[in-house]
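In: sequence first, predicted model second:
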Amino acid sequence: MKSDTLVIIPTYNESRNIVRMLEVVLSLEPAIDVLIVDDGSPDGTADLVKSVQKINEGRIHLIQREGKLGLGTAYVAGFKMALEKGYSFICEMDADFSHDPHDLPRLVEAVKIGETDVAVGSRYHNGISIINWPLTRLILSYAANVYARVITRLPIKDTTAGFKCFRREVLENINLDRIKSNGYSFQIEMHYRAWKAGFRLNEISIIFRERVEGVSKMSKKIIFEAVWMVWALKLRRILGRL
C-alpha cells in the first residue's frame, strides 16, 4: 500500500550506503516511501537501488540523471515527482547516515499533528549536536548559520539543515522553477521561501554524525554560494521577485 509520506534522497557514489539506507527506511513505522535521485553515479548506486526496488514494488522510486547536476536541482526534481504522485508529507535526507533515518518519524509526526508546516531536523536547536566533525568545520558551519540568520531573520538556528519534512502545501506554494541554488544555499533558500510564504518552521533536535563511508561533497564553491545567496534572497524579496 502506498504511503502518504515520501523521503527524497539524492545520491552520487553512495554504493556503500544505499542498500542499508533503503532497508532501514522501508522498515520504519508508519511506512515511508523512498525516492532516490541519482546523478549518474559511476559506482553503480542506481543499479543497487533497482535491485532493491524489484522486491519492494511501489515503495521505491528512482530518478536517474545524466551527470552530476547538483543537490538543489535533485531536490526540485524530487519535489515535483512527489507532488505529482500525491504525497502529503515530503522529506529530505542525506544518503550517508549523517542523518539517522530513525528520526524521520519524529519529523513527519510534527507536521502530521499540526505542530508545524516544516519540521527541521536541527543540529543547533539545543546546543550543538554534531559528532566527529573537526573543530574548523564546526566553527565554519556554526558561523555560516549565524550569518544567514542575521541577514535573513529566519526563525531557526540551523538554516542550512538538510534533514526535514514539508507539508505538501508548502511546496505547492513555492515556485520551484525559480530555485537555482545548490548545497547549503539551497537549504537556506527553501527555508526562506517557506517562511516568507507564511508557513511555520519548527526545529526538532537531532544528532548529526559525520559520514563513515564514502566521500563528503562539501567544497569551497558550496560555501561561497551560501554566503552570496542570503543577500540575493533579501534583494529579491525587496524587489518583489522572490
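Out: Great, that's in hand. Numbering: from 1, shown residues only.

In: helices of this structure, start to end?
Out: Here the chain has its helices, by DSSP state H, at 18-26, 45-53, 71-84, 104-112, 135-152, 168-172, 183-196, 220-239.

In: what residues sit buried inside the shortest one?
Out: Think helix 168-172. Neighbour counts over helix 168-172 (16 or more other Cβ atoms under 10 Å) mark Arg168, Val170, Leu171 as buried. Quick note: C-beta positions are derived from backbone N, CA and C, even for glycine.

In: rounded mean pLDDT for it, please.
Out: Mean per-residue pLDDT for helix 168-172: 98.

In: counting by contacts, list what that helix packs against.
Out: helix 71-84, strand 89-92 (3 or more Cβ pairs under 8 Å, 6 or more residues apart in numbering; DSSP states H and E).

In: residues in contact with Ala148?
Out: Leu154, Thr159, Thr160, Ile188, Ala226, Val230 (Cβ atoms under 8 Å, 6 or more residues apart in numbering).

In: find the nearest non-adjacent residue to the last one, please.
Out: In this case it means Val230. Nearest residue to Val230, sequence neighbours excluded (Cβ to Cβ, 6 or more residues apart in numbering): Ile151, at 4.3 Å.

In: do I have it right that that neighbour meets Ala232?
Out: No - Ile151 is not in contact with Ala232 according to Cβ atoms under 8 Å; the separation is 10.4 Å.

In: Glu203: neighbour count?
Out: Using other Cβ atoms under 10 Å, Glu203 has 22 neighbouring residues.

In: the one 3 residues further on now?
Out: Residues near Ile206, counting by other Cβ under 10 Å, number 23.

In: just Pro42 next, same as before
Out: Pro42: 9 neighbours (other Cβ under 10 Å).

In: what about it, distance to Lys68?
Out: To Lys68, Pro42 is 10 Å away according to Cβ to Cβ, to the nearest Å.

In: on that earlier part again, out of the helices of the chain, which gets nearest to Val37?
Out: helix 71-84 (4.2 Å; Cβ to Cβ).

In: just the CA trace of the closest one, in PDB.
Out: The C-alpha trace of helix 71-84 is given here as PDB (Å, rounded to 0.1, in the frame of the first residue of the first chain):
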ATOM      1  CA  LEU A  71      21.800  18.900  -4.900                       C
ATOM      2  CA  GLY A  72      19.300  21.700  -5.400                       C
ATOM      3  CA  THR A  73      18.100  20.500  -8.800                       C
ATOM      4  CA  ALA A  74      17.900  17.000  -7.500                       C
ATOM      5  CA  TYR A  75      15.600  18.000  -4.700                       C
ATOM      6  CA  VAL A  76      13.500  20.200  -7.100                       C
ATOM      7  CA  ALA A  77      13.100  17.200  -9.400                       C
ATOM      8  CA  GLY A  78      12.100  15.100  -6.400                       C
ATOM      9  CA  PHE A  79       9.600  17.600  -5.100                       C
ATOM     10  CA  LYS A  80       7.900  17.800  -8.500                       C
ATOM     11  CA  MET A  81       7.600  14.000  -8.600                       C
ATOM     12  CA  ALA A  82       6.300  13.800  -5.000                       C
ATOM     13  CA  LEU A  83       3.600  16.400  -5.700                       C
ATOM     14  CA  GLU A  84       2.600  14.600  -9.000                       C
END
